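Asks: Provided below for reference: sequence and predicted model.
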Amino acid sequence: MFLDYDGTLSPIVEDPESAVMTEEMRDAVRAVAQHFPTAIVSGRCRDKVFNFVKLEELYYAGSHGMDIKGPTTVSNHKAKADEVLCQPAIEFLPVIQEVYQTLTAKMQSIPGATVENNKFCLSVHFRCVAEEEWDGLGEEVRAVLDGYPDLCLTKGRKVLEIRPSIKWDKGNALEFLLESLGYAGHGDVFPIYIGDDRTDEDAFKVLRNMGQGIGILVTKFPKETSASYSLREPAEVKDFLRKLVKSNGIKG
Ligand SMILES: O=P(O)(O)OC[C@H]1O[C@H](O[C@H]2O[C@H](CO)[C@@H](O)[C@H](O)[C@H]2O)[C@H](O)[C@@H](O)[C@@H]1O
């Protein structure tokens, strides 16, 4: 089971640092993880996601999959429990931290703008910035990045994301996790990936190309997607997780 942290497990809030996971959601994820290897995949940094979720039995893939670590405790399921650590963008760490300092200084002049350090990537949030300032903010960010051709810029929901230009996304993270679990090439494995973000499409595509498992997009509105199913909001994700545990005759 693969879960995108933001949106599927936690609603969007004004302050990115104030995201939380409800106890009910934590219980639902804990129950699933008792029986199926479970990973949280997020654009946020791994430590932060762990602090929101606080479940040691999960795999965590932070920084859009560029920082993957296995569980620190064992679960009931029989998945391979070898130590897992994968950081394909490790050599970018100094440059990302340098750009973080520069952008933090630049964004001070734009009320409401914040720069989030996600270790192997950065997020410049403009959710709280006056709309007439958005273009100027984008230009400032692009001007900083002109000096760093090995970094790229993408746009999310009221957020600009800066990442190393390597071919590694949430889809690669999903493939890496399936391989680490010893599931690659096993036709009897059914991966489920739940996500709400544009960046989750890379993982949905992996499942579609494998012809195995399902991608579930969390959205209130119809959207073009490579996912096979949809759920409307985190509350429906929680119910789905509970039903999944029950339908397997497992006590959650
Ligand atoms: O991969 P995800 O777990 O979906 O993370 C994507 C981004 O999530 C966070 O941003 C989102 O939440 C913010 C606060 O609620 C909101 O302002 C923003 O619009 C959302 O995209 C996180 O802060 C980013 O670093 C992640 O990249």
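Replies: Received it, and whenever you're ready, just let me know what you need. These numbers come from a predicted model, not from an experiment.
Asks: SS state for the closest residue to the ligand within the stretch 1-150 of the chain?
Replies: Relative to the ligand, the nearest point of the stretch 1-150 of the chain is Gly43 (2.6 Å; CB to the nearest ligand atom). In short, each C-beta sits where N, CA and C put it, glycine included. Recorded secondary structure, Gly43: coil (DSSP: H, G, I helix; E, B strand; the rest coil).
Asks: Could you find the closest non-adjacent residue to it?
Replies: Setting aside the residues directly before and after it, Gly43 is nearest to His64 in space (CB to CB, 6 or more residues apart in numbering), at 4.9 Å.
Asks: Identify the residues contacting that neighbour.
Replies: Residues counted as contacts of His64 (CB atoms under 8 Å, 6 or more residues apart in numbering) are Ser42, Gly43, Asn118, Phe120, Cys121, Glu161, Arg163, Asp169, Lys170, Ala173, Thr199.
Asks: Let me see the confidence value for the second one.
Replies: pLDDT recorded at Gly43 is 96.
Asks: OK, contacts around it?
Replies: Going by CB under 8 Å, 6+ apart, Gly43 touches Asp6, Ser63, His64, Asn118, Cys121, Ser123, Gly156, Glu161, Asp197, Thr199.
Asks: which of those are close to the ligand?
Replies: Asp6, Asn118, Ser123, Gly156, Glu161, Asp197, Thr199 (CB under 6 Å from any ligand atom).
Asks: burial of the last one, as a residue count?
Replies: If you count neighbours by other CB atoms under 10 Å, Thr199 ends up with 22.
Asks: what about Glu179, which helix or strand?
Replies: According to DSSP states H and E, Glu179 maps onto helix 170-180.
Asks: Kindly report the same for Asp27.
Replies: Using DSSP H and E, Asp27 sits within helix 23-35.
Asks: picking up where we left off before, buried ones among the ones next to the ligand among the contacts of Gly43?
Replies: Asp6, Asn118, Ser123, Glu161, Asp197, Thr199 (16 or more other CB atoms under 10 Å).
Asks: Just list whatever residues bridge to the third one.
Replies: Pointing back at Ser123 there. Glu116, Glu161 (DSSP bridges).
Asks: Tell me who's in contact with it.
Replies: Pro16, Gly43, Val115, Glu116, Gly156, Val159, Leu160, Glu161, Ile162.
Asks: now the residue most central in space within the chain: how far from Val189?
Replies: Closest residue to the average C-alpha location of the chain: Ser42 at 1.4 Å, with CA atoms, centre = their mean. Separation of Ser42 from Val189 (CB to CB, to the nearest Å) stands at 23 Å.
Asks: Then Ile162?
Replies: Separation of Ile162 from Val189 (CB to CB): 35 Å.
Asks: Lovely, talk soon.
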